[in-house]
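[1] Only the shape, not the letters, is given here:
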């Protein structure tokens, strides 16, 4: 058993060679802002993860044996997103269990396409002699981020004319009259709300 602890700049490589000798237990902690999650998501709390990586040999037709990497574990962190209405920062907590299977890139080439079963939904691919745990965790965090988040349910958003945050201050913009072409949709909306 191998246990490693993550520090800023540390990159844990899960190698096929090492997994061929023994499984790899990991317990990692990445400080805030260590993982690059793109321009719209920032890691604001430590990302803590633990689990196990192991080699799974799979017989694959005439091609022989495939070396799949199975990684199972959990993670927790907090990320900062932007409110969909007022664009203010919102912290969203993430806790996720994962059980992933990574196959060699191209392993399924030439295989007839089939409907993806729920048990097959967590299959990804790796190239070379292994993969970085950091990349696996980044992907799992991004899959946990909601498409839309609000700072609060009654967020009033931004004024569509001057851009002021209506949760903080009222603006003096004059509301434009509704476009009559939208009246049918407005009626439907009103009926659904009542």
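    Nice, I can see it. Nothing here was measured: the structure is a model prediction, and the numbers come from that model.
[2] Find the centremost residue of the chain, please.
    When Cα atoms, centre = their mean is applied to the chain, the residue found nearest the centroid is residue 142 (1.6 Å).
[3] and residue 56, how many neighbours?
    The criterion is other Cβ atoms under 10 Å. On that basis, residue 56 has 13 neighbouring residues. Using the backbone N, CA and C atoms, a C-beta is placed for each residue, glycine as well.
[4] Okay, and the beta partners of it?
    Taking DSSP bridges as the rule, residue 56 bridges to residue 68.
[5] what residues go with each domain of this protein?
    Domain segmentation of the chain under automatic domain parsing yields 13-144, 156-194.
[6] Distance from the longest one to the middle of the chain?
    What that stands for is domain 13-144. 9 Å (Cα atoms, centre = their mean, to the nearest Å).
[7] Just the terminal-to-terminal distance for it.
    Using Cα to Cα, to the nearest Å, the end-to-end distance of domain 13-144 comes out at 23 Å.
[8] one step back: rank the domains of the chain by pLDDT, which is bottom?
    When the domains of the chain are compared on mean pLDDT, domain 156-194 scores lowest, with a mean of 84.
[9] Check the separation of the first and last residues in that domain.
    20 Å.
[10] What are the buried residues along stretch 41-59?
    41, 42, 43, 44, 47, 49, 51, 53, 55 (16 or more other Cβ atoms under 10 Å).
[11] scratch that, stretch 73-83 is what I was asking about
    Applying a neighbour-count criterion of 16+ other Cβ under 10 Å, one finds 73, 75, 77, 78, 79, 80, 81, 83 buried in stretch 73-83.
[12] any idea which of these is closest to residue 137?
    residue 75 (5.9 Å; Cβ to Cβ).
[13] doesn't the closest one fall inside a helix?
    No: according to DSSP: H, G, I helix; E, B strand; the rest coil, residue 75 belongs to no helix; its state is strand.
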